[in-house]
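> Predicted model follows, preceded by the sequence.
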Amino acid sequence: MAKALSRGADVVIVDLEDAVAPDRKEHARAATAEFLSVPHATPVHVRIDDGPDAAALSGLPGLSALRLPKVTHASDIHRIAARTPDTALYALLESAMGVEHAYAIATAHPAVRGIGLGEADLRADLGVRDDSGLDWSRGRVVVAARAAGLAPPAQSVFPDVQDLDGLAASCAHGRALGFLGRAAIHPRQLPVIERAYLPTSQEIEAAHEVVEAATTNGGAQSLPDGRFVDAAIVAAARRTLALASRE
């Protein structure tokens with residue numbers, strides 16, 4: 001866990017769920033509580049397995065948020081929120097039922113700061129054979145997050161740590177669908193994800209042109225090259241510039 005903090009990720013996620021063998025749960029929980037007994041410069045989230053995990057970790061100075069796996073109903077959020085006052089929660093939707101209730105989950109409690117997909121379990125639940133079979137669910141979670149006023153969801157992990165070209169292509173597809181950022185399972189994936197999700201120099205230049213035209217020309221309706229500009233396009237350009245500067 002300590003090593004992960006130095007590898008350049010924006011957030012480090014400690015997994016107490018599927019990554020821990022059943023007979024090591026108590027040891028993992030105690031080790032994580034010790035690790036979180038002091039604050040860290042990099043935010044640390046913990047993907048919990050059950051209520052005892054939440055109770056043991058809530059309120060520790062090094063904990064930034066809890067990640068809740070396999071959320072299917074708003075009641076799952078209420079149950080954990082009651083045990084973890086003042087703790088940010090992120091819900092992972094990993095089943096058809098969870099996806100169907102995406103908006104209800106996203107708006108279940110003020111502590112919910114984000115939602116996302118757990119694609120490995122979701123793929124198994126849906127019986128999806130091809131990656132494109134998950135695109136409807138991906139779009140659903142993006143829309144639900146936006147409707148709830150939450151940040152765009154991050155993509156689920158790309159499991160092949162050797163296939164960086166495949167990771168880049170998958171990130172480009174996720175960005176086109178409305179995702180922002182991605183969970184990584186190996187440090188070598190981080191630069192690929194960052195390049196894929198940060199605006200290119202061409203995108204930044206185009207965004208500057210749009211904002212400048214809207215600012216200096218009294219809300220210009222078009223640019224010299226004929227591109228149409230309206231309030232929605234200006235807002236998108238401002239988001240591009242904010243992302244470029246990591247605001």
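Thanks, I have it.

> all contacts plus neighbour counts: C-alpha atoms, from now on.
Noted.

> what comes up buried for the lowest-mean-pLDDT helix or strand in the chain?
The helix or strand of the chain with the poorest confidence is helix 201-216; it has a mean of 86 (mean pLDDT, DSSP states H and E). Within helix 201-216, the residues that count as buried by 16 or more other C-alpha atoms under 10 Å are 204, 207-211, 213-214.

> Show me what it is packed against.
Contact here means 3 or more C-alpha pairs under 8 Å, 6 or more residues apart in numbering; DSSP states H and E; on that basis helix 201-216 packs against helix 231-244.

> Just the buried residues of the helix it packs on, please?
234, 237-238, 240-241, 244.

> elements contacting that helix?
helix 201-216.

> is it true that Arg113 lies in a strand?
Yes - per DSSP: H, G, I helix; E, B strand; the rest coil, Arg113 lies within a strand segment.

> Please name the residues that touch it.
88-90, 150-151 (C-alpha atoms under 8 Å, 6 or more residues apart in numbering).

> Tell me the backbone dihedrals of the residue positioned nearest the centre of the chain, please.
Geometric centre of the chain, nearest residue: Ala154, 2.7 Å, by C-alpha atoms, centre = their mean. The phi and psi torsions at Ala154 (degrees, to the nearest 10) take the values phi -90, psi 150.

> ok, it touching Leu180?
Yes - with contact defined as C-alpha atoms under 8 Å, Ala154 counts as touching Leu180 (5.1 Å).

> Break this structure down into its domains, please.
1-197, 201-245 (the TED database).

> now the helices for the protein?
Here the chain has its helices, by DSSP state H, at 25-35, 51-57, 74-83, 96-100, 102-106, 119-126, 135-147, 164-177, 190-197, 201-216, 231-244.

> Counting by contacts, list what the second one packs against.
For helix 51-57, the packing partners by 3+ C-alpha pairs under 8 Å, 6+ apart come out as helix 25-35, helix 74-83.

> Select, out of the ones you listed, the one closest to Leu63.
helix 25-35 (9.0 Å; C-alpha to C-alpha).

> ok, and for the closest one, which residues are buried?
Under 16+ other C-alpha under 10 Å, the buried positions of helix 25-35 are 25, 28-29, 32-33, 35.

> Just send the buried residues of helix 201-216 back as JSON lines, with distance to Ala144 too.
Shown next, in JSON lines, are those (distance: C-alpha to C-alpha, whole Å):
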{"residue": "Ile204", "distance to Ala144": "27"}
{"residue": "Ala207", "distance to Ala144": "26"}
{"residue": "His208", "distance to Ala144": "29"}
{"residue": "Glu209", "distance to Ala144": "31"}
{"residue": "Val210", "distance to Ala144": "28"}
{"residue": "Val211", "distance to Ala144": "28"}
{"residue": "Ala213", "distance to Ala144": "32"}
{"residue": "Ala214", "distance to Ala144": "30"}
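
> ok so, going back, just the CA trace of the least confident helix or strand of the chain, in CSV.
Output in CSV follows, covering the C-alpha atoms of helix 201-216 (Å, rounded to 0.1, in the frame of the first residue of the first chain):
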residue,chain,number,x,y,z
SER,A,201,-2.9,20.3,-27.9
GLN,A,202,-5.3,20.6,-30.9
GLU,A,203,-8.3,20.3,-28.6
ILE,A,204,-6.9,22.9,-26.2
GLU,A,205,-6.2,25.3,-29.1
ALA,A,206,-9.7,24.9,-30.4
ALA,A,207,-11.2,25.4,-27.0
HIS,A,208,-9.3,28.7,-26.5
GLU,A,209,-10.6,29.9,-29.9
VAL,A,210,-14.2,29.2,-28.9
VAL,A,211,-13.9,30.9,-25.5
GLU,A,212,-12.0,33.9,-26.9
ALA,A,213,-14.6,34.4,-29.6
ALA,A,214,-17.5,34.1,-27.1
THR,A,215,-15.7,36.5,-24.7
THR,A,216,-14.4,39.2,-27.1
